[in-house]
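Engineer: Fold the following and give me the result.
(one chain, ligands or ions: 1)
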Amino acid sequence: MAAKTALITGVAGQDGGHLAKLLHEKGYEVYGTLRGQLEASHPRYQAVKTEMPYVNIVLADMMDIAALTRAMQEIKPDEVYNLAAISHVGYSFRDPILTADLTGKGVLNVLEAVRLAGLEKTTRFYQASTSEMFGGLDYNRPGSGYDEESLFHPRSPYGVAKLYGHWITKNYRESYGMHASCGILFNHEGERRGPEFVTRKISKAVARIKLGKQDVLELGNLDSKRDWGYAGDYVEGMWRILQQDEPGDYVLATGETHTIREFVELAFKQVGIELRWDGTGESETATDVASGNVVLRINPEFYRPAEVDILLGDPAKAETKLGWERKVDFPGLVKLMVEHDLAEEA
Ligand code: G4F
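Structural biologist: The predicted structure follows:
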């Protein structure tokens, strides 16, 4: 049987890298989009070429429906994984219009490209939906966590744009009979995470503080809670979603939630630093008990105009129907990230 072909939009991102590797290992011919203006000499282009030589790079901007349609016509992918987006929640407050265009309408552009290429009956489509479409348990029904039936209440321009992507994907499923599915993924992290996200910011700073390359880590809200898993486990879920006979929506989560403060404590513990917490609110600090040095303080610059206080997902449907399970638990995730950054910073 001929190898299956997959097209990943946003292949240079965290999930794109994990997914491209997984699909390559499964024998797929893998194509991945990069923004149109990235020349072959551009560092990001070079990084993908070097790290993922098995990815066929396609230059296609998410806003360029002609380029996306051309890509669909030429590649005729069996599966499209739509991962490209502005994905930083904090940034989406600063650039809400670009976020709406890329993270929201970009989904429609890819779906339309599939249709314009006449592939709506043959190509399977995965949309990267997100737990940010929920707003925190306070705004919804309390209980064991969000599932596929929970109400949405996005709290950021990013969450609102993602909700559009979610519904337009369902609409194409219902209108045109497309095998179009959404993975509602809770936070997923790891060694490929960008340093602008809180877990990687922490693991990198902890490594650098341990190695004497940095004094202090500055963070915003330490009280919010997240359901954190390992990105490598989650891309396996994405693939399983597209292997189902019927399209559908699935929550991928761990069913556990932890505060940012807990992640910080565990990360410092990983390098043998015990913390003492002092003060509250903007005056809160953490001190290395052994050295007496303040290693963490609050910088209100990292607060958000509206916050999702708690995210907790219920992955029962994915576990039962997809046979999906995570392999890395919370302490394992923190350990993996800190160990990676210690080696990288050494
Ligand atoms: O790591 P974060 O930026 O992730 P966030 O906002 O939960 O979003 C991530 O997960 C979503 C899935 O639920 C994805 F859809 C989305 O694309 C992204 O991958 O922030 C986590 C928490 C927030 O409560 C934030 O306020 O950490 C808090 N935080 C505290 N100090 C900080 C910081 N976040 C960042 N990025 N930087 C800080 O200094």
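Engineer: Stretch 67-81: end-to-end distance?
Structural biologist: End-to-end distance for stretch 67-81, by C-alpha to C-alpha, to the nearest Å: 17 Å.
Engineer: repeat for stretch 218-228
Structural biologist: Stretch 218-228: ends 21 Å apart by C-alpha to C-alpha.
Engineer: what's the answer for stretch 222-231, then?
Structural biologist: Termini of stretch 222-231 sit 22 Å apart (C-alpha to C-alpha).
Engineer: So is it next to the ligand?
Structural biologist: Yes - using C-beta under 6 Å from any ligand atom, we find that stretch 222-231 touches the ligand at 224, 226. Heads up, the C-betas are built off the backbone N, CA and C, glycines and all.
Engineer: Any buried residues in that stretch, and which?
Structural biologist: Neighbour counts using 16 or more other C-beta atoms under 10 Å place 222, 224-231 of stretch 222-231 among the buried residues.
Engineer: Equivalent analysis for stretch 21-29, please.
Structural biologist: 21-24, 28-29.
Engineer: if I look at residue 167, how far off is the ligand?
Structural biologist: 16 Å (C-beta to the nearest ligand atom, to the nearest Å).
Engineer: after the helix or strand containing that residue comes which helix or strand?
Structural biologist: Assigned by DSSP states H and E, residue 167 belongs to helix 157-176. Following helix 157-176 in sequence order, the next helix or strand is strand 180-185 (DSSP H and E).
Engineer: Name the surrounding residues that touch the helix or strand following that next one.
Structural biologist: Per DSSP H and E, strand 180-185 leads on to strand 188-189 as the next helix or strand towards the C-terminus. Contacts to strand 188-189, defined as C-beta atoms under 8 Å, 6 or more residues apart in numbering, come from residues 14-15, 197, 199-200, 228-231, 233-234, 252, 333, 337.
Engineer: which intervals of the stretch 51-200 of the chain have sub-threshold pLDDT?
Structural biologist: 137-143 (pLDDT under 70).
Engineer: Out of the buried residues of stretch 21-29, name the ones that lie in strands.
Structural biologist: If you go by DSSP state E, the buried residues of stretch 21-29 have residue 29 in strands.
Engineer: Closest one of the buried residues of stretch 21-29 to residue 205?
Structural biologist: Each of the buried residues of stretch 21-29 was scored against residue 205 by C-beta to C-beta, and residue 21 proved nearest at 27.1 Å.
Engineer: Angles on the backbone of residue 156, please.
Structural biologist: Residue 156 adopts backbone torsions of phi -150, psi 160, taken as degrees, to the nearest 10.
Engineer: Test my guess that it contacts residue 133.
Structural biologist: No - judged on C-beta atoms under 8 Å, residue 156 makes no contact with residue 133 at a distance of 10.1 Å.
Engineer: mind listing which of the buried residues of stretch 222-231 are in strands?
Structural biologist: Here DSSP E is the test, and those give 225-226, 229-230 as lying in strands.
Engineer: Turn these into CSV, columns for pLDDT.
Structural biologist: As requested, these are exported to CSV (pLDDT from 0 to 100):
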residue, pLDDT
225, 95
226, 96
229, 98
230, 98
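Engineer: Go through the residues you listed and name the one nearest the ligand.
Structural biologist: residue 226 (5.5 Å; C-beta to the nearest ligand atom).
Engineer: Please determine how far that closest one is located from residue 145.
Structural biologist: 12 Å (C-beta to C-beta, to the nearest Å).
Engineer: shared neighbours, those two?
Structural biologist: residue 257.
Engineer: Residue 246 and residue 265, how far apart?
Structural biologist: 43 Å.
Engineer: who's more crowded, those two?
Structural biologist: residue 265 (18 against 8; other C-beta atoms under 10 Å).
Engineer: Tell me who's in contact with that one.
Structural biologist: Counted by C-beta under 8 Å, 6+ apart, residue 265 has contacts residue 275.
Engineer: rewinding a little: tabulate the buried residues of stretch 21-29 (CSV), appending pLDDT.
Structural biologist: Converted to CSV, these look like this (pLDDT from 0 to 100):
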residue, pLDDT
21, 97
22, 98
23, 98
24, 98
28, 98
29, 98
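Engineer: Contact partners for residue 264?
Structural biologist: 202, 217, 219, 222, 275, 286, 296.
Engineer: ok, 10 Å please
Structural biologist: Residues counted as contacts of residue 264 (C-beta atoms under 10 Å, 6 or more residues apart in numbering) are 198-199, 202, 205-206, 217, 219, 222, 275, 277, 286, 295-296, 334.
Engineer: Then residue 181?
Structural biologist: Contacts of residue 181 by C-beta under 10 Å, 6+ apart are 124-127, 129, 169-170, 173, 238, 241-242, 244, 246-250.
Engineer: Would you indicate which residues of stretch 232-252 are buried?
Structural biologist: Across stretch 232-252, burial judged by 16+ other C-beta under 10 Å covers 232-242, 247-252.
Engineer: Extract the C-alpha set from that stretch and format it as PDB.
Structural biologist: Taking Å, rounded to 0.1, in the frame of the first residue of the first chain, the C-alpha atoms of stretch 232-252 are listed here in PDB:
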ATOM      1  CA  GLY A 232       4.700  14.000  22.800                       C
ATOM      2  CA  ASP A 233       1.800  12.100  24.300                       C
ATOM      3  CA  TYR A 234      -0.800  14.500  22.800                       C
ATOM      4  CA  VAL A 235       0.300  14.300  19.200                       C
ATOM      5  CA  GLU A 236      -0.400  10.500  19.400                       C
ATOM      6  CA  GLY A 237      -3.900  11.500  20.400                       C
ATOM      7  CA  MET A 238      -4.200  13.800  17.300                       C
ATOM      8  CA  TRP A 239      -3.200  11.000  15.000                       C
ATOM      9  CA  ARG A 240      -5.700   8.500  16.700                       C
ATOM     10  CA  ILE A 241      -8.500  11.100  16.300                       C
ATOM     11  CA  LEU A 242      -8.000  11.000  12.500                       C
ATOM     12  CA  GLN A 243      -7.900   7.200  12.400                       C
ATOM     13  CA  GLN A 244     -11.500   6.900  13.600                       C
ATOM     14  CA  ASP A 245     -14.200   5.800  11.100                       C
ATOM     15  CA  GLU A 246     -16.300   8.800  12.100                       C
ATOM     16  CA  PRO A 247     -15.100  12.400  12.800                       C
ATOM     17  CA  GLY A 248     -15.700  13.800  16.300                       C
ATOM     18  CA  ASP A 249     -14.400  16.000  19.100                       C
ATOM     19  CA  TYR A 250     -12.100  14.800  21.900                       C
ATOM     20  CA  VAL A 251     -10.700  16.300  25.000                       C
ATOM     21  CA  LEU A 252      -7.000  15.300  25.600                       C
END
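Engineer: I am finished for the moment; much appreciated.
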